[in-house]
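Peer 1: structure, please.
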Amino acid sequence: MKNLIVPLYSWSNGAIIMTIVFGLVILALVGAVFFMMNNNEKKD
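Peer 2: Residues are numbered from 1 along each chain as shown. All right, here's what the predicted structure looks like:
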């Protein structure tokens, strides 16, 4: 799997770490949105 991604990006200067952090931030935002939606539905 790593070999497929290498040609698209140069993995220098911690690009892998930045990609992981970016992914975690996106998951956190999506999770927060669903959490707020569920709370609003229960509150109503």
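
Peer 1: longest helix in the protein, by residue count?
Peer 2: Longest helix in the chain by number of residues (criterion: DSSP state H): helix 15-43.

Peer 1: as a whole number, average confidence for that helix?
Peer 2: Averaging pLDDT along helix 15-43 gives 87.

Peer 1: any buried residues in that helix, and which?
Peer 2: Across helix 15-43, burial judged by 16 or more other Cβ atoms under 10 Å covers no residue at all. To be clear about C-beta, it is placed using only N, CA and C from the backbone, and glycine gets the same treatment.

Peer 1: and residue 14, what does it touch?
Peer 2: By Cβ atoms under 8 Å, 6 or more residues apart in numbering, residue 14 lies in contact with nothing.

Peer 1: can you do 10 Å?
Peer 2: Residue 14 makes contact with 20-21, according to Cβ atoms under 10 Å, 6 or more residues apart in numbering.
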